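Student: Provided below are the primary sequence and the corresponding predicted coordinates.
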Amino acid sequence: MFIDEALIYVKSGKGGDGMVHFHREKYVPRGGPDGGDGGRGGDVIFEVKPGLNTLAAFRHTSRFVAGDGRNGGTNNKYGRSAEALIILVPPGTVLHDALSGDLIADLTGSDQRFVICKGGRGGRGNTHFKSSTNQAPRTAEKGEPGQEKKLRLELKLIADIGIIGVPNAGKSTLLSVLTNARPKIASYPFTTLTPNLGVADVDDETSVVLADIPGLIEGASQGAGLGHDFLRHIQRTRVLIHLLDGLSADPLADYSQINAELSLFDPNLASKPQVVALNKIDQPEAGEKLETLKAKFKPKKVTLMGVSALTHKNVRELLLTATTRLAETPAVQEAPVKPVYRPQEDGRQFEVKRVGGHEWRLSGAGIERASAMTFWEHDGSVRRFQKLMERLGVDEALHNAGVQEGDTVFIGEYELEWKE
């Protein structure tokens, strides 16, 4: 099944916890701290796999969580870092932030990789907190939490040549004749509900990728008839074969309508090179109007070809003409879209908010991360967190807001009691 959009949730792994431990050995009564560091959490990485051409893999799996790092051990042993979680996607996959709509990455290159969420760093063991005044530190860090995102994946097919036209113009039949594709074909409008890809061999050394784009109707640029879903697949093509229905009442009007929809959706689409062909000339009605239509297209500087996808008449010539235009068009005529990079939140910033009569919520990226990395069962770690609160000005801010002895302060998932 062809699926070109998906909503997924990704989360990198948490870092392993550092360890509080002291060396124990016979005849060494006061061994020093030897708690090891935790391992790094696993990254979440998108990787382009050339053989894929759909997002169907995300139809039943929409949650991707990398593994956590292992905890540190005794004798300064480091915890094992978790392996990265690799998510395979087809070429042409675009990643958007599902909440803000911002573009994050455009994955087009073969085997291209993009780290969407970095794994949390491992917490430090108590070895790191030894000093001349504190030779037996009962302080360590928990691993850093992983990052998480909700993403909208969008696939834009990467094809050399796109076949466009009104419904029932014969695009799928032409694709099946030119390539090894086997699309579903029938003689009624909107038979093709999904784009199809095929590879055509031009000669022993040259092959091109063609995409059959489902029939476009009036209003497609505003989303009519799934217009938005189909038009984006044309954006990456370099050349278009514009196939006209020889049995249509007015093929010239169909031609103008399709080009108008392309311009409304993306002005760059209308400037793409087009090879225009009238299909079904094996039918007397279409064959009789071919010469008249050629004369009407001439003022538009368009050379109209006559083909029959059903009988294969002139389809080879059509492919060669499109391939020639392809060789003359080295770059994709697509408006550059750059990812949105927003400045990272300052880790020192925080907000104090009263959430009840004697309850307060302390929020901020840095302070919440620090609370998650604190061993609350170790007095040394708690004192270290308290010093951080003082250094950041949190104590003063809470006093100014009116906090009282015994009030509850929430930080992330933790609930603390305020004491003077």
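Tutor: Received the coordinates, thanks.
Student: what's the one helix or strand Leu398 maps to packed up against?
Tutor: For Leu398, the host element (DSSP states H and E) is helix 394-401. Helix 394-401 makes packing contacts with strand 351-356, strand 359-363 when contacts are defined by 3 or more C-beta pairs under 8 Å, 6 or more residues apart in numbering; DSSP states H and E. The way it works is simple: take the backbone N, C-alpha and C, and place the C-beta from them, glycine included.
Student: can you tell me the distance between the two ends of stretch 157-164?
Tutor: 14 Å (C-alpha to C-alpha, to the nearest Å).
Student: chain center to that stretch: distance?
Tutor: Mean C-alpha position of stretch 157-164 versus that of the full chain (C-alpha atoms, centre = their mean, to the nearest Å) differs by 21 Å.
Student: Next up, the contacts around the most centrally placed residue in the chain.
Tutor: Residue closest to the mean C-alpha point of the chain, counted by C-alpha atoms, centre = their mean, is Leu95 at 2.1 Å. When contacts are counted by C-beta atoms under 8 Å, 6 or more residues apart in numbering, Leu95 touches Phe46, Leu103, Ile104, Ala105, Asp106, Leu107, Phe114, Ile116, Leu151, Arg152, Leu153.
Student: Verify the assumption that it is located in a helix.
Tutor: No: counting by DSSP: H, G, I helix; E, B strand; the rest coil, Leu95 is not found in a helix; it is strand.
Student: ok, now how distant is it from Arg152?
Tutor: Per C-beta to C-beta, to the nearest Å, Leu95 is found 8 Å from Arg152.
Student: What of Leu392?
Tutor: Taking C-beta to C-beta, one finds Leu392 at 35 Å from Arg152.
Student: same question, Ser371
Tutor: Ser371 is 31 Å from Arg152, by C-beta to C-beta.
Student: Between these two, which has more neighbouring residues?
Tutor: Ser371 (21 against 16; other C-beta atoms under 10 Å).
Student: contacting residues around the more buried one?
Tutor: Phe385, Ile411, Gly412, Tyr414.
Student: next structured bit after the helix-or-strand element of the chain with minimal mean pLDDT?
Tutor: Sorted by mean pLDDT, DSSP states H and E, the helices and strands of the chain end with helix 227-231, the least confident at a mean of 56. Going down the chain from helix 227-231, the next helix or strand is strand 239-245, by DSSP H and E.
Student: mean confidence for the helix or strand following that following strand?
Tutor: Per DSSP H and E, the first helix or strand lying C-terminal to strand 239-245 is helix 251-265. If you average the pLDDT over helix 251-265, you get 85.
Student: Does anything pack onto the helix or strand containing Arg152? Which helices or strands?
Tutor: Assigned by DSSP H and E, Arg152 belongs to strand 148-155. Strand 148-155 makes packing contacts with strand 5-11, strand 93-97, strand 113-117 when contacts are defined by 3+ C-beta pairs under 8 Å, 6+ apart.
Student: picking up where we left off before, between the contacts of Ser371, which has the most around it?
Tutor: That'd be Ile411 among the contacts of Ser371, by other C-beta under 10 Å, with 22 neighbours.
Student: and the helices and strands packed on strand 148-155 as a markdown table, adding distance to Gln404?
Tutor: Shown next, in a markdown table, are the helices and strands packed on strand 148-155 (distance: least, C-beta to C-beta, whole Å):
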| stretch | distance to Gln404 |
| --- | --- |
| strand 5-11 | 37 |
| strand 93-97 | 40 |
| strand 113-117 | 40 |
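Student: who wins for proximity to Arg59 among those?
Tutor: Closest to Arg59 of these, according to C-beta to C-beta: strand 5-11, at 7.4 Å.
Student: Walk me through which strands that closest one pairs with, and which way each runs.
Tutor: strand 63-65 (parallel), strand 148-155 (antiparallel) (DSSP bridges).
Student: Can you name every helix or strand that whichever helix or strand comes after that strand contacts?
Tutor: Next along the chain after strand 5-11, taking DSSP H and E as the criterion, comes strand 44-48. Under the contact definition 3+ C-beta pairs under 8 Å, 6+ apart, strand 44-48 sits against strand 85-89, strand 93-97, strand 103-107, strand 113-117.
Student: pLDDT value on the residue nearest to Pro195 when sequence neighbours are not counted, please?
Tutor: Nearest non-adjacent residue to Pro195, counting by C-beta to C-beta, 6 or more residues apart in numbering: His233, 5.0 Å away. Looking at His233, its pLDDT reads 72.
Student: Next up, the contacts around His233.
Tutor: Asp4, Lys156, Leu157, Ala159, Gly162, Pro195, Ala211, Ile213.
Student: In a strand, the third one, correct?
Tutor: Okay, so that is Leu157. No: membership of Leu157 in a strand is not supported by three-state DSSP, which gives coil.
Student: how many neighbours does it have?
Tutor: 24.
Student: just Lys11 next, same as before
Tutor: Lys11: 20 neighbours (other C-beta under 10 Å).
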